[in-house]
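> Sequence and predicted structure, then a few things I'm wondering about:
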Amino acid sequence: MPNRTTHGEPLLPDPVRRLAAWCVVLLLVAGVAGVGIWLCAQLKTAVTPVLLALLGTALLGPLHRRLVRMGVQRSVAAGLTCLALVAVVGGAGYIVVSALIETGDEILASLKDAARKLSDHFGTAGTSIDDIASNARELLSRFGSTATTGVLAGVSVVAEMTGIAVLALFLTFFFLRDADRVTGALHALAPGGSGPRLEAMGRRAFAAAEGFMRGTTIIALIDAVLITIGLLILGVPGAAGLGALVFVGAYIPYLGAFLSGAVAVLVALADGGLSRALWTLGVVVAVQMIEGHVLQPVVQSRTVRMHPATVMITISAGAGVAGILGMLLAVPLTAAATGVFLELREEYGRTPPEAGAPETGAPGPGAPGPGTGAGTGEGGGGQDGPGGGTRGTGGSTGPAEGTGPAGPPDPGPGAPGT
């Protein structure tokens with residue numbers, strides 16, 4: 001199909017043709033991304049441990065490198081780092097579970113009492129706690145088989161998640177141990193001379209993910225400590241477990257802090273009434289303000305910083321694709337993709353020098369170099385005539401400016417030139 005008229009003019013204006021080209025590029029990129037996401041969803045049992053291991057490597061990389069610099073063998077350093085990860089995750093899980101077990105009865109009793117007070121206050125008829133309990137028992141007996149099937153499905157999900165976690169742990173060990181071989185393998189597999197470019201993109205993406213994970217961990221630890229102290233001062237039951245929940249929820253930006261803070265407020269409402277719940281809400285809001293105005297700018301100032309709207313859209317997309325796991329992985333993967341985009345923009349955004357243009361800082365032909373000046377000096381006569389100035393170095397090779405006609409020989413030292 002010809003794209004020009006009979007007079008040689010284009011059928012479409014240049015802006016329209018540019019817009020069409022960009023639309024085609026965006027459609028191709030969206031198609032490739034959609035196929036990639038579909039494949040990852042189909043192979044989630046294999047893809048999820050790899051992604052978790054990459055995030056674990058980004059989080060534990062500084063500790064592993066420090067151990068290697070101290071003289072520890074790479075395999076031993078990787079093993080110690082993975083043991084530290086297991087200790088931290090296991091310790092947080094143990095604190096949460098033990099706190100729920102110890103204070104679970106108290107929290108449930110407080111919630112039951114709060115529900116009864118609300119029922120009495122609003123005068124709801126026929127919805128007492130005893131009626132709710134009897135109805136729950138009736139529903140359980142009626143749908144017992146469905147509940148059993150759900151329990152079995154839940155056990156299957158727990159077993160699958162356990163297998164994924166164990167595989168991710170082993171992959172993290174191998175990624176940490178063999179990190180020094182990645183560059184050589186990348187250069188060997190890269191086609192043509194694209195090895196350095198791929199290496200730069202990979203380093204940029206990994207640095208972005210590593211910075212995000214490190215900054216998020218520091219912020220999560222500070223938030224958990226501050227909220228735990230506040231809950232202990234207010235006398236909220238299960239303060240340690242709620243603090244651990246805040247630490248885990250901080251890896252889901254914005255949404256995790258909201259959910260963990262809501263749980264803390266509900267527990268305070270059930271235990272101490274409205275006044276304690278309001279004080280707990282004040283503690284949570286104060287900690288979030290400290291995080292947003294102090295911790296985020298200071299801790300993550302050197303990492304990839306994304307707009308809050310971008311983060312929320314990314315979390316929503318991750319939740320739609322992979323649920324809670326997608327919410328955990330969405331933001332760091334987006335940070336890595338942002339790092340790759342910035343590297344490509346820096347690589348292809350450089351304007352090449354025009355043909356025949358002189359390099360920056362180099363004098364052009366015929367241009368006077370530094371130190372050139374007109375011949376206005378007095379004193380001993382120059383070689384080009386009386387009063388002739390010296391030629392500038394690095395400039396033109398022609399006669400110096402201000403040179404006069406040849407005169408008589410130099411009459412002596414100190415005589416002024418003509």
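Looks like it arrived, so ask away.

> C-alpha only now, for contacts and for neighbours.
Fine.

> counting contacts, what elements does the helix or strand containing Ala317 pack onto?
Using DSSP states H and E, Ala317 sits in helix 308-348. The contact analysis (3 or more Cα pairs under 8 Å, 6 or more residues apart in numbering; DSSP states H and E) places helix 308-348 against helix 44-69, helix 195-234.

> Let me know the angle separating it from helix 44-69.
70 degrees (axes from the mean of the first three to the mean of the last three Cα atoms, to 10 degrees).

> and the angle from helix 308-348 to helix 195-234?
160 degrees.

> rewinding a little: turn the helices and strands packed on helix 308-348 into JSON lines, including mean pLDDT, mean neighbour count and distance to Ala78.
Listed next are those as JSON lines, based on pLDDT from 0 to 100; neighbours: other Cα atoms under 10 Å; distance: least, Cα to Cα, whole Å:
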{"stretch": "helix 44-69", "mean pLDDT": "88", "mean neighbour count": "19", "distance to Ala78": "6"}
{"stretch": "helix 195-234", "mean pLDDT": "86", "mean neighbour count": "20", "distance to Ala78": "17"}
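
> With distance to Ala240 as new columns, can those be given to me in TSV?
As requested, those are exported to TSV (distance: least, Cα to Cα, whole Å):
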stretch	distance to Ala240
helix 44-69	24
helix 195-234	6
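
> Now do the SS call for Leu12.
coil (DSSP: H, G, I helix; E, B strand; the rest coil).

> For it, the count of nearby residues, please.
12 (other Cα atoms under 10 Å).

> so how far is Leu19 from it?
When distance is defined by Cα to Cα, to the nearest Å, Leu12 is 11 Å away from Leu19.

> ditto for Phe212
In terms of Cα to Cα, Phe212 sits 35 Å off from Leu19.

> where in the stretch 251-400 of the chain is pLDDT low?
Filtered on pLDDT under 70, the stretch 251-400 of the chain yields the residue ranges 300-305, 349-400.

> In contact with Val311, which residues?
253, 331 (Cα atoms under 8 Å, 6 or more residues apart in numbering).

> Look up how far Glu346 lies from it.
23 Å.

> do Leu269 as well
From Leu269 over to Glu346 (counting by Cα to Cα), the distance is 53 Å.

> Next: Ala286.
39 Å.

> now Gly243
From Gly243 to Glu346 the distance is 42 Å (Cα to Cα).

> Comparing these two, which residue is more hemmed in?
Gly243 (28 against 10).

> That one reaches Leu221, doesn't it?
No: the pair Gly243 / Leu221 is not scored as a contact, 9.2 Å apart, by Cα atoms under 8 Å.

> Residue ranges in the stretch 101-250 of the chain under the pLDDT threshold?
Using pLDDT under 70, the flagged stretches of the stretch 101-250 of the chain are 103-115, 117-154.

> where exactly do the helices run in it?
Counting by DSSP state H, counting those that start in this stretch, the stretch 101-250 of the chain has helices at residues 129-142, 144-177, 182-189, 195-234, 239-249.

> okay, those helices in a markdown table with distance to Arg66 next?
Putting the helices of the stretch 101-250 of the chain into a markdown table (distance: least, Cα to Cα, whole Å) gives the following:
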| stretch | distance to Arg66 |
| --- | --- |
| helix 129-142 | 55 |
| helix 144-177 | 12 |
| helix 182-189 | 19 |
| helix 195-234 | 15 |
| helix 239-249 | 25 |
